[in-house]
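In: my questions are about this predicted structure, shown below with the sequence.
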Amino acid sequence: MLSPDFSLGSTVALVAVQPSNTNDGNDKGGQGEDFGKSSPVGLVLLIVFFIAVFFLVKSMNKHIKGLPASFDEPAEAPAKEASAGSSEASKDASKKD
């Protein structure tokens with residue numbers, strides 16, 4: 001439990017007043033000699049990611065081309081298919097005779 005004389009404002013002021021660990025005056029805030037430079041490993045990793053994305057997009061496009069334009073079933077299609085199937089069956093039967 002917190003003490004009764006605890007206040008958030010005094011804690012924040014205490015943290016804000018803490019001195020820095022470096023007093024040499026040459027601190028550039030983390031921007032040392034190697035700041036902004038990348039390693040060759042980063043370049044290789046970036047190229048591998050680009051190749052992976054290329055093949056993923058290529059595969060996805062191939063699968064999307066196989067999809068129908070619409071997933072809605074037309075209302076007249078089953079009736080037409082049934083009548084077309086019966087007429088083809090009667091034509092095949094007449095050709096066999």
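Out: Looks like it came in fine.

In: contact partners for Phe55?
Out: Contact analysis of Phe55 by CB atoms under 8 Å, 6 or more residues apart in numbering lists nothing. For glycine as for every other residue, the C-beta is placed from the backbone atoms N, C-alpha and C.

In: pLDDT wise, what is it at?
Out: pLDDT for Phe55: 98.

In: mind checking the SS state of it?
Out: helix (DSSP: H, G, I helix; E, B strand; the rest coil).

In: and what of Ala69?
Out: Classification of Ala69 using three-state DSSP returns coil.

In: how near is it to Phe55?
Out: Ala69 sits at a distance of 26 Å from Phe55 (criterion: CB to CB, to the nearest Å).

In: kindly report the same for Phe35.
Out: Between Phe35 and Phe55 the distance, using CB to CB, works out to 35 Å.

In: just for this structure, where's the confidence low?
Out: 1-30, 77-97 (pLDDT under 70).

In: please repeat the previous calculation with a cut-off of 80.
Out: Along the chain, segments meeting pLDDT under 80 span 1-38, 74-97.

In: okay, now Lys58: neighbour count?
Out: 9 (other CB atoms under 10 Å).

In: in contact with it, which residues are there?
Out: Taking CB under 8 Å, 6+ apart, we find Lys58 in contact with no residue.

In: checking it next. Helix, strand or coil?
Out: Assigned state for Lys58: helix (three-state reduction, three-state DSSP).

In: before we move on, what about Gln31?
Out: From three-state DSSP, the assignment for Gln31 is coil.

In: from Lys37, how far out is it?
Out: Separation of Gln31 from Lys37 (CB to CB) stands at 11 Å.

In: done for today, thanks.
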